[in-house]
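Engineer: Sequence and predicted structure below; questions after.
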Amino acid sequence: MRFIAGSALVLTAACGGTTAAESGKPVVDAAFFPLQWLVEKVGGPDVTVEGLTKPGVEPHDLELTPQQVAGVGKASLVVYVKGVQPAVDEAVAQHAADRGFDAASAVPKIDAPHDEHAEEEEHGHEELFYDPHIWLDPSRMATLATALGGRLAEIDPAHEAAYKERAKKTAAELGDLDFKMATGLMRCANRTIVTAHTAFGYLANRYKLEQVGIGGIDPDAEPSPARLAEAARIAKEKKVTTIFTEELVSPKVAEVLASEVGAKTAVLNPLESPPQGGDYISGMTANLTELRTALGCQ
Ligand SMILES: [Zn+2]
């Protein structure tokens, strides 16, 4: 019995990494979409990328299969953002402590949005003191591209020049996007964005917008009636015309708020999952278009 169970485990573990092991390339596990995009850009053909979150799955909810946990244990590098997915944080801590690349540790962080009304509620996991949605600022993504290029070069020195070259090119593309967003959001009639899931803190911080999140950092956290009333008051006071919702979260709360304050709803994509037929750059460009319309930018 013991023997059978043991070999089944070895077999499952091997499935995750066979291709990569055969090809001899470093296997890089990427926790969710924007990280996977970044690893593919910087790693190029020199790495095998395995995404831990399937497209269309809300990444905050991710649970890892035993095969994925085994894969984390065998990966050359696991790229994740500590605080987004408790399951990944735990798998890295237990099985890949020396092979984790916590993207949040590579960029300046901002504090978690404070919601005094939510404090009495029970949370499943420990409270986070910083906002983990770092990827919604292209300038921080550019910093990450460079840092990731350096880390991949350490793991696989034979391809150092290629990693650094691709990192440089990716950082430049992200720099162009950052410039487009900065200029596109420079002159706007309104600078307040009301969002369903409080994911846009870094974007707001970078482009001098003010984010009013209805829900929490975790999109599943139901807003308290007090928080909803507060969001409605601010939305009216700031003459907000659009309440932002997103594809993977029910738009109900945002719709209720929009009808209460006489605004419409539009989709702002937190890019926690790949946009339909697009990538990180096109997804952020679509966000820029939505923001410019909603905020009346020139
Ligand atoms: Zn989020």
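Structural biologist: Nice, I can see it.
Engineer: Tally up the residues packed near residue 161, please.
Structural biologist: Burial of residue 161, expressed as a neighbour count using other CB atoms under 10 Å, amounts to 10. Where you see a C-beta, it was placed from the backbone N, CA and C, and this is true even at glycine.
Engineer: no, scratch that, I was asking about residue 229
Structural biologist: One way to gauge burial is a neighbour count; for residue 229, by other CB under 10 Å, it gives 14.
Engineer: Listing request: residues of the protein with sub-threshold pLDDT.
Structural biologist: Along the chain, the model assigns pLDDT under 70 to residues 1-22, 114-127, 217-221.
Engineer: let's see it at 50
Structural biologist: Under the criterion of pLDDT under 50, the regions of the chain flagged as low confidence span 1-19, 116-125.
Engineer: mind listing the strands for it?
Structural biologist: 27-30, 48-51, 77-80, 100-102, 192-195, 210-213, 242-245, 264-267 (DSSP state E).
Engineer: Summarise which helices and strands the third one is packed against.
Structural biologist: I take that to be strand 77-80. Other helices and strands packing on strand 77-80, by 3 or more CB pairs under 8 Å, 6 or more residues apart in numbering; DSSP states H and E, are strand 27-30, helix 33-43, helix 86-95, strand 100-102, helix 138-155.
Engineer: quick one, which of those is nearest to residue 226?
Structural biologist: Evaluated over the helices and strands packed on strand 77-80, closeness to residue 226 peaks at helix 86-95, with 26.5 Å, by CB to CB.
Engineer: Show residues contacting that closest one.
Structural biologist: With CB atoms under 8 Å, 6 or more residues apart in numbering as the contact definition, helix 86-95 has outside contacts at 31, 52, 62-64, 68-69, 72-73, 78, 80, 82-83, 99-100, 102, 124-125.
Engineer: Repeat the analysis, applying 10 Å as the threshold.
Structural biologist: Helix 86-95 is contacted from outside by 29, 31-32, 52-53, 59-64, 68-75, 78-83, 85, 96, 98-102, 124-126, 218, using CB atoms under 10 Å, 6 or more residues apart in numbering.
Engineer: how about the CA coordinates for that helix, as CSV?
Structural biologist: C-alpha atoms of helix 86-95 as CSV (Å, rounded to 0.1, in the frame of the first residue of the first chain):
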residue,chain,number,x,y,z
PRO,A,86,-2.6,32.8,0.1
ALA,A,87,-2.3,29.3,-1.5
VAL,A,88,0.7,30.4,-3.5
ASP,A,89,2.3,32.2,-0.5
GLU,A,90,2.0,29.1,1.5
ALA,A,91,3.4,26.8,-1.2
VAL,A,92,6.4,29.0,-1.8
ALA,A,93,7.1,29.3,2.0
GLN,A,94,6.9,25.5,2.4
HIS,A,95,8.4,24.2,-0.8
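Engineer: re the thing from before, report the buried members of the contacts of helix 86-95.
Structural biologist: Buried members of the contacts of helix 86-95, scored by 16 or more other CB atoms under 10 Å, are 29, 31-32, 52-53, 59-60, 62, 64, 68-75, 78-83, 85, 96, 99-102, 218.
Engineer: Deepest in the core, which of the helices and strands packed on strand 77-80 is it.
Structural biologist: Comparing the helices and strands packed on strand 77-80 by mean neighbour count (mean count of other CB atoms under 10 Å), strand 27-30 ranks first with a mean of 26.
Engineer: Could you name the helices and strands sitting against that strand?
Structural biologist: Applying 3 or more CB pairs under 10 Å, 6 or more residues apart in numbering; DSSP states H and E, one finds that strand 27-30 makes contact with helix 2-23, helix 33-43, strand 48-51, helix 66-74, strand 77-80, helix 86-95, strand 100-102, helix 138-155.
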